[in-house]
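A.B. asks: Fold the following.
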Amino acid sequence: MFGATLSYQDTYSGASVRVPAALLIVSFTLACGHPSATPDASPVSGVAAAWPYLGKSRVTASRQAMVVSGSPIASEVGRNILQQGGTAVDAAVAVGFALAVVHPEAGNIGGGGFMIIRSREGKVQALDYRETAPAQATRDMYRSAGEDGSVTGHLSAGVPGAVAGLIEAHRRYGRLPLAAVIQPAIRLALEGFVVDDYRSRSIGEDSVRLARFPASRTTFLPADRPPQPGSTFRQPELGATLEAIRDSGAAGFYRGRVAELLVAEMKRGGGIISIQDLADYRAVWRDPIEVSYRGYTIYSMPPASSGGVTMGEILNIMEGFSPLPRFGSAALIHREAEAMRRAFTDRNTYLGDPAFVRNPIDRLLSKQYAADLRRQIGERASPTPVFEPAPAAGASTTHYSVVDAEGNAVSCTTTLNNSYGSAVTVTGAGFLLNDEMDDFATSPGEPNMYGLVQGEANAIAPGKRMLSAMTPSIVLSPQKQLYLVVGTPGGPRIITMVYHVISNVIDHRMSLADAVMAPRMHHQGLPDTLMVETNGFPPQTLDSLRGRGHAVLEDGKWGDVEGIIRTTQGWEGVSDPRRGGGGAGY
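C.D. replies: Residues are numbered from 1 along each chain as shown. Here you go, the predicted structure:
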């Protein structure tokens, strides 16, 4: 069946298209067989005619297992690990290390991330390997550091958590030897990989920042220009670092030669990460956030990520609007903006590293609290309250999703924060360092690079994990079957983008391909602006929103959603048409 093809007329372009028969069967099943389908819903209604991504999501179908990520090469690495008998976690760890090589804008061993793992028996756990503030960090350390001190250069880096997290996930849930899982990334670093248009363009767009630091210039700008499409890109120093991790596990990164190179880089550029900071770092297992939504169960990340709580609050508010207005309508976007405004106000006020602050999660995620907030929403925009910090008590990010043949699943979001992080490559070790310190409230009450205005709960403190918006999520069907694995990069917009994909599938009965392709909107309280993707919604819709009192801003294209959904044929992996990702399955 998977070898057969059928013709259909593309709804968006009118062209005649030939596709694998299985994909049409999958699409028809999702559109017509969805438990919450409504007869008048349409994934096309409410989308501007100028929207460039209509029908362009990258879709991969498979019967047994699936990997989707921001790099087709990394997805193939994960697929191969699964075919060798590895678990979803084995594949996720392999993909994580591979992304550090083939997707350097965000894939990393010099950053951190979050992972949601669901076993085939139904146990769900959250792994927090967010970066931490170095021991020498102080609350006001950036007030005299220059306007980009927290986003570019050595002082902007937090203590990396990625290697500790990946090794810890493998220790608990891996089946293959660690060497087998890391070896594909080592091979890609030493032998090289063929650069595609997206990766070449991405490096070029950040070439000015990268050129400021000698090791970054040497690594990413050979002959003073980015690797050209079709060329082979080799990273021998990164390969040697990965070999050290292969041979010694986390100790190969946090102790010994690699750690010494990292600290030497800090001293060279005025950074503050020490040998002791590296030795002290630990990944932390946590209980996931669990939210019910119209009969579905959604698992996502708890603090130090704000993603699960904030998205859960939005979903709880929206659940009370039934039925929802049609997709893309001013009535729907208005309600979503008001729900987001309230959820982000709570996020920015209350949430932080649970080792330092008490997060009122039960209250923020209660259905009664959502009902109270919902009653505040009228037909016009309500102003965001003046920010009042509570008392003291992610953009270059990438996401990947994995489902194995046994039914284990991983949703993983990992980040350097800004594109190419701090832009600093560790001399002799070949990896980029994050600039995650900017995710703290470096000046409580003032905006960070994403415009987020946050309070004392997320102020800088030694050893503290900066609040994140990463929202790796796993969705179960009303029958408690694994249904959807999803996440995305995108700074604070991560939260609303993951919300949109889940709502598009559940509420608007879209196929996952359409749910990922569809234009997105975002409101984060402050600035008090309703942001929408450029050319995504019809002008009359935006005019109607302005008439309701919203300050509407069209602002580029966002995110790189990588999702997997269950189908009657197995699994469908969908990569966002906005970026350069792709899937692989069998």
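
A.B. asks: Please count neighbours and contacts with C-alpha atoms only from this point.
C.D. replies: Fine.

A.B. asks: can you map out the helices along the stretch 251-400 of the chain?
C.D. replies: 251-254, 256-269, 275-280, 307-319, 330-350, 361-364, 367-374 (DSSP state H, counting those that start in this stretch).

A.B. asks: Output the below-cut-off pLDDT ranges for the stretch 101-250 of the chain.
C.D. replies: 147 (pLDDT under 70).

A.B. asks: Now mean neighbour count, mean pLDDT and distance to A215 too, for the helices of the stretch 251-400 of the chain, in TSV please.
C.D. replies: Rendered in TSV, the data for the helices of the stretch 251-400 of the chain read as follows (neighbours: other Cα atoms under 10 Å; pLDDT from 0 to 100; distance: least, Cα to Cα, whole Å):
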stretch	mean neighbour count	mean pLDDT	distance to A215
helix 251-254	23	98	18
helix 256-269	18	98	10
helix 275-280	16	98	21
helix 307-319	27	98	34
helix 330-350	24	97	36
helix 361-364	15	98	43
helix 367-374	17	98	50
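
A.B. asks: so can I have CSV of those showing distance to T60?
C.D. replies: Formatted as CSV, the helices of the stretch 251-400 of the chain follow (distance: least, Cα to Cα, whole Å):
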stretch, distance to T60
helix 251-254, 35
helix 256-269, 38
helix 275-280, 40
helix 307-319, 27
helix 330-350, 30
helix 361-364, 37
helix 367-374, 37
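
A.B. asks: Which of the ones you listed sits closest to G536?
C.D. replies: helix 330-350 (12.4 Å; Cα to Cα).

A.B. asks: just to revisit the earlier point, I'd like to know which of the helices of the stretch 251-400 of the chain lies nearest to R465.
C.D. replies: Closest to R465 of the helices of the stretch 251-400 of the chain is helix 275-280 (Cα to Cα; 12.9 Å).

A.B. asks: same for the closest one, what does it pack against?
C.D. replies: helix 251-254, helix 256-269 (3 or more Cα pairs under 8 Å, 6 or more residues apart in numbering; DSSP states H and E).

A.B. asks: Let me have those helices in TSV, extended by distance to R294.
C.D. replies: Output for these, formatted as TSV (distance: least, Cα to Cα, whole Å):
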stretch	distance to R294
helix 251-254	45
helix 256-269	48
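
A.B. asks: which stretch among these comes nearest I361?
C.D. replies: Nearest of those (Cα to Cα): helix 251-254, 33.0 Å.

A.B. asks: quick one: that closest one to chain centroid distance?
C.D. replies: Relative to the centre of its chain, helix 251-254 is centred 26 Å away, using Cα atoms, centre = their mean, to the nearest Å.

A.B. asks: pretty sure D206 contacts G421?
C.D. replies: No - counting by Cα atoms under 8 Å, D206 stays clear of G421, with 10.3 Å between them.

A.B. asks: With neighbour numbers in mind, choose between these two.
C.D. replies: When neighbours are counted by other Cα atoms under 10 Å, G421 comes out ahead of the other of D206 and G421, with 31 against 16.

A.B. asks: isn't the more buried one right up against T397?
C.D. replies: No - with contact defined as Cα under 8 Å, G421 does not reach T397; the gap is 9.2 Å.

A.B. asks: shared neighbours, these two?
C.D. replies: Here G421 and T397 have 105-106 as joint contacts, going by Cα atoms under 8 Å, 6 or more residues apart in numbering.

A.B. asks: picking that back up, what's the closest of the helices of the stretch 251-400 of the chain to R187?
C.D. replies: Among these, if distance is taken as Cα to Cα, the winner is helix 251-254, at 17.7 Å.

A.B. asks: Which neighbouring elements make contact with that closest one?
C.D. replies: Using 3+ Cα pairs under 8 Å, 6+ apart, helix 251-254 is in contact with helix 236-248, helix 275-280.

A.B. asks: closest to P538 out of those helices?
C.D. replies: helix 236-248 (46.6 Å).

A.B. asks: what's in contact with the closest one?
C.D. replies: 101, 178-179, 182-183, 185-187, 189-190, 251-253, 258, 428-431.

A.B. asks: again, 6 Å this time
C.D. replies: 179, 186, 189-190, 252, 428-431 (Cα atoms under 6 Å, 6 or more residues apart in numbering).

A.B. asks: Which one of those residues sits in the busiest neighbourhood?
C.D. replies: Result: F431 is most packed of those (other Cα under 10 Å), 28 neighbours.

A.B. asks: Excluding chain neighbours, give the residue nearest to it in space.
C.D. replies: Counting by Cα to Cα, 6 or more residues apart in numbering, T425 is the residue found nearest to F431 once chain neighbours are left out, at 5.3 Å.

A.B. asks: any idea how far the one you found lies from L262?
C.D. replies: 9 Å (Cα to Cα, to the nearest Å).

A.B. asks: Strands along the stretch 151-300 of the chain, start to end?
C.D. replies: Taking DSSP state E, counting those that start in this stretch as the test, the strands found in the stretch 151-300 of the chain are 193-194, 232-233, 284-286, 289-293, 296-300.

A.B. asks: gap between the two ends of stretch 396-415?
C.D. replies: Start and end residues of stretch 396-415 are separated by 6 Å (Cα to Cα).

A.B. asks: hmm, back to that, need the max-distance pair from the contacts of helix 236-248.
C.D. replies: Maximum pairwise distance among these (Cα to Cα): 22.0 Å, between A179 and G428.

A.B. asks: what's the burial count for S305?
C.D. replies: S305: 27 neighbours (other Cα under 10 Å).

A.B. asks: That one pairs with what?
C.D. replies: For S305, the beta-bridge partners are S468 (DSSP bridges).

A.B. asks: wait, what's in contact with it?
C.D. replies: The contact partners of S305, by Cα under 6 Å, 6+ apart, come to 467-469.

A.B. asks: Over to A469?
C.D. replies: With Cα under 6 Å, 6+ apart, A469 has these contacts: 305-307, 394, 492.
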